[in-house]
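**Q** Sequence and predicted model, in that order:
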Amino acid sequence: MERYNPKEIEQKWQERWEQSHTFACQHDAGKKKYYVLEMFPYPSGNLHMGHVRNYSIGDVLARAKRMQGFNVLHPIGWDAFGLPAENAAIKHNTHPGEWTYANISHMRGQMKRLGYSYDWAREIATCRPEYYRWEQLFFLKFLEKGLLYRKEAPQNWCPSCHTVLANEQVEDGKCWRCSSVVEQKDLTQWFLRITAYADELLADLEELKGHWPDRVLAMQHNWIGRSEGAEIVFKLEKPVAGKDSISVFTTRPDTVFGVSFVTMAPEHPLVPEIIKGMPNEDEITAFINQVRNMDRIERQSESLEKLGMNTGAFVIHPFTGKKVPIWLGNFVIASYGTGCVMGVPAHDQRDFDFARKYNLPVSQVISRDGQAEDTAAWQEAMTEPGIMINSGEFSGTPSTEGKKKIADALESMGMGHATTTYRLRDWNISRQRYWGAPIPVVYCEKCGVVPEKEENLPILLPMDVKTEPDGKSPLPKTDSFVKCTCPKCGGEARRETDTMDTFVESSWYFARYCSARDTKEAFDKEALSYWMPVDQYIGGVEHAILHLLYARFFTKALRDFGFTVPNLNEPFKSLLTQGMVLLDGSKMSKSKGNIVDPEKMIAKYGADTVRLFCLFAAPPERDFDWTESGIEGSNRFLLRIWRLFEDSQSLLMAIPAASSTAEDAVTKEAKELRCKEHTTIKKTGEDMGQRCQFNTAISAIMELVNTMYLYRGKMGDSKEERRIFSSAMATVLTVLSPIAPHMCEELWSIMGQKDFVSTQPWPVYDEKALVRDTQTIALQVNGKLRGTMEMPTGADKAELEAQAKEHPAVQKFTDGLTVQRIIVVPGKLVNVVAR
């Protein structure tokens with residue numbers, strides 16, 4: 001045999017897989033399916049080690065499931081629109097399209113170099129018209145059904161990227177892409193009414209319990225943030241702008257009699273009118289501007305320093321008729337609830353801290369025992385339920401009952417009602433950048449906002465434009481795109497120049513894979529019914545809110561509008577969030593210069609070694625530190641298998657895995673090897689195909705290889721011994737092939753086997769072979785291990801006790817002592833107690 005040459009071997013088998021379409025698949029109702037999917041990449045130009053780990057996890061699972069008899073869909077594509085590509089193209093003075101397609105070509109080559117078993121015939125790129133035309137159709141249907149609307153609202157604005165950011169894209173008050181300080185800007189934008197699905201999104205999390213990480217489910221649950229309570233109307237002492245009242249939402253209507261102030265969001269539309277002419281109007285305006293530019297996520301955090309300012313205006317309490325001051329607070333968000341909250345310092349910790357800071361009254365209206373306390377001595381609010389006091393006719397009512405009674409009373413007075421609100425906000429999908437899917441509407445002076453006709457789709461993104469150095473979209477200045485005909489009246493119109501948020505593309509790509517080349521409809525429903533939902537989805541936990549929530553929403557909306565099938569409620573049955581690949585304990589980063597280049601590692605060690613190390617270093621959900629010693633160790637293991645095969649080649653028989661029989665195992669060593677072989681088949685099959693614990697599967701294969709080395713040193717050349725060894729070798733190559741497919745294909749071929757090892761069925765273990773004829777029994781004297789002995793499996797207590805007393809190690813350590821008792825644990829140990 002020639003020496004192990006990964007470069008030649010890997011290229012050889014990658015070409016053969018491609019030529020034979022080994023991993024292509026078709027939906028077949030007669031076969032059990034398995035859909036494994038890794039989150040598709042943004043084509044940045046180069047894979048990083050995080051990519052390699054993610055896609056290696058998915059590939060091992062896909063390969064193992066194929067071998068275990070499943071019809072496997074394992075596709076790949078490119079999340080190709082968005083700011084990163086546009087900014088990179090501007091930096092390199094090229095067109096975003098050229099930049100993106102060149103990167104796709106390079107990264108596709110890198111993925112093939114790693115031997116991933118994708119069905120490349122299903123490859124998609126979201127920047128292609130044949131993809132986004134269906135997205136434009138979804139937009140039109142959502143608009144028609146009222147799931148899309150347009151409104152003006154304060155938005156997170158990145159001055160460097162020249163575009164709006166979703167709340168989730170603002171991190172510590174800065175843009176998640178470029179780290180510029182985010183500003184607030186009033187803009188008219190397109191919104192998807194995701195809140196219409198809030199209850200279903202929340203309820204269906206129950207279906208995912210046990211299949212998604214608890215951490216991710218908690219993040220989704222908290223982000224939706226369902227709150228039950230009441231909306232309460234407070235009349236303004238002095239009406240402004242035609243309004244004579246404001247409404248607040250509270251989860252504690254039972255505490256309404258304890259209101260000592262009302263807090264409004266500084267950006268609430270009524271605030272400018274309320275403060276007009278106030279002595280400190282300029283000071284209040286400065287406060288408003290300060291708060292408007294704060295990170296809206298930070299403003300809702302528990303750790304935020306609560307800041308406020310008195311407006312000098314008042315509302316009237318709906319029950320007592322007393323005046324209540326109106327304050328502005330940085331912790332109130334205009335888009336959450338009504339943008340106003342009532343302050344009850346005695347029974348809400350945030351309000352308590354605020355009241356103490358600004359010397360506001362603290363009025364107790366809930367008591368543990370029905371008796372009032374001196375709130376001046378309180379160090380914290382009383383937030384638990386109790387008995388209502390100082391609450392007029394409701395005094396003496398248990399607070400849990402009081403919630404409904406107060407809500408009913410408010411409704412009868414026309415001053416409020418019970419309601420439910422959510423933390424979840426509607427999804428702003430407008431982006432003021434060029435490299436995105438065009439929004440299919442036009443603006444006509446006569447007809448207003450007009451949706452495009454379906455037959456005019458796709459509305460093509462013009463490719464003959466030059467991006468601006470400052471990042472501003474060139475679309476508004478591109479007459480060939482902007483100037484158009486109104487689909488309704490035929491008059492002159494102008495196109496929408498905003499493009500869609502790239503999260504829209506990633507919210508349905510997984511369903512498109514089921515019929516990626518269909519030109520007649522977005523989804524072939526027969527294929528969709530067969531393949532969906534995704535059985536195993538794999539990606540980083542950083543997508544736990546945005547992408548996963550949007551994908552769940554799209555799945556439900558597309559179902560309701562007839563694009564998919566009635567029973568498709570959730571897109572991803574199971575979710576695995578893989579850990580990061582670190583270097584010296586830190587996250588790898590180009591800016592920090594602490595990266596490991598996958599291409600260099602592949603060139604040095606081979607793709608199989610890189611795959612093996614990424615999977616062996618830690619369980620998939622945990623972070624691991626990249627080490628040179630670690631990857632060298634993985635390489636040594638593969639070389640060890642190669643050498644064992646090479647040294648034994650003349651003895652090997654071209655027989656399937658797990659094909660030796662009990663009759664072949666004529667020696668103790670042969671029985672041990674056959675037992676280890678079948679134990680390994682069982683463990684690796686479960687670890688790879690069910691538990692996704694690839695590191696323990698690799699450990700089991702290593703143990704089998706160790707046992708083979710021991711056997712090889714003692715075996716003869718009889719047919720029985722050769723069958724035992726050949727069967728074990730075939731098993732090693734079969735169960736290791738999902739992890740190190742190229743080397744296993746090469747050795748499988750040299751062994752004289754037919755077809756690809758990648759297409760072999762997973763070996764079936766023999767239950768009887770899992771049971772050893774003998775067991776190693778630990779021998780203890782007074783609880784200390786003094787030796788071991790081999791005994792027949794199933795030996796009873798009397799036999800174990802008798803043999804233990806005769807064993808030299810026991811006799812040595814009990815010499816001169818009196819044996820008082822013997823403790824026997826069958827199959828494990830004998831402990832002789834002597835004094």
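**A** Now that the structure is in, tell me what you want to look at. Just so it is clear, the structure is predicted and the values come from calculations on it, not from any experiment. Numbering: from 1, shown residues only.
**Q** Tally up the residues packed near E305, please.
**A** Neighbourhood size, E305 [other Cβ atoms under 10 Å]: 8. C-beta: built from backbone N, CA, C; applies to glycine.
**Q** If you could redo that for K151, that was the one I meant.
**A** 11.
**Q** Need phi/psi at the nearest residue to K141 once chain neighbours are set aside.
**A** Nearest residue to K141, sequence neighbours excluded (Cβ to Cβ, 6 or more residues apart in numbering): F561, at 5.2 Å. Note on F561: its backbone torsions stand at phi -100, psi 10 [degrees, to the nearest 10].
**Q** For this structure, which element, helix or strand, carries the lowest mean pLDDT?
**A** Every helix and strand of the chain was ranked by mean pLDDT, DSSP states H and E. The lowest is strand 170-171, at a mean of 77.
**Q** hang on, the earlier thing: hmm, the residue nearest to K141 is touching L140, no?
**A** No. Assessed by Cβ atoms under 8 Å, F561 is found out of contact with L140, at 10.5 Å.
**Q** Surely L140 is in contact with V450?
**A** No. Counting by Cβ under 8 Å, L140 does not reach V450; the two are 10.9 Å apart.
**Q** Just after whichever strand or helix holds W157, pick out the following helix or strand.
**A** W157 is part of strand 148-158, with elements assigned from DSSP states H and E. On the C-terminal side of strand 148-158, the closest following helix or strand by DSSP H and E is strand 163-165.
**Q** Work out the gap between the biggest strand by length in the chain and the centre of the chain.
**A** In the chain, assigned by DSSP state E, the strand with the most residues is strand 226-240. Offset of strand 226-240 from its chain centre (Cα atoms, centre = their mean, to the nearest Å): 38 Å.
**Q** Over to stretch 667-682?
**A** Centre to centre, stretch against its chain (Cα atoms, centre = their mean), the figure for stretch 667-682 is 40 Å.
**Q** Let me know the average pLDDT across that stretch.
**A** Average pLDDT, stretch 667-682: 94.
**Q** Tell me the buried residues in that stretch?
**A** By 16 or more other Cβ atoms under 10 Å, the buried positions in stretch 667-682 come out as 667, 669-682.
**Q** which one of those residues is nearest P154?
**A** K682 (59.7 Å; Cβ to Cβ).
**Q** give me every residue that touches the closest one.
**A** By Cβ atoms under 8 Å, 6 or more residues apart in numbering, the contact list for K682 reads Y765, L770.
**Q** and what of the one 10 residues further on?
**A** Applying Cβ under 8 Å, 6+ apart, one finds that C692 lies in contact with I57, L61, Q536, L576, P620.
**Q** Tell me if I'm right that K322 and F314 touch.
**A** No. In this structure, K322 is not within contact of F314 by Cβ under 8 Å, at 9.3 Å.
**Q** How many neighbouring residues does the residue nearest to K141 have?
**A** 14.
**Q** returning to that earlier point: out of K322 and F314, which sits in the more crowded spot?
**A** F314 (18 against 11).
**Q** pretty sure that one is touching P325, no?
**A** Yes. Contact status for F314 versus P325: in contact at 5.8 Å, counting by Cβ under 8 Å.
**Q** Where does pLDDT dip in the protein?
**A** Along the chain, the model assigns pLDDT under 70 to residues 166-168, 295-297, 591.
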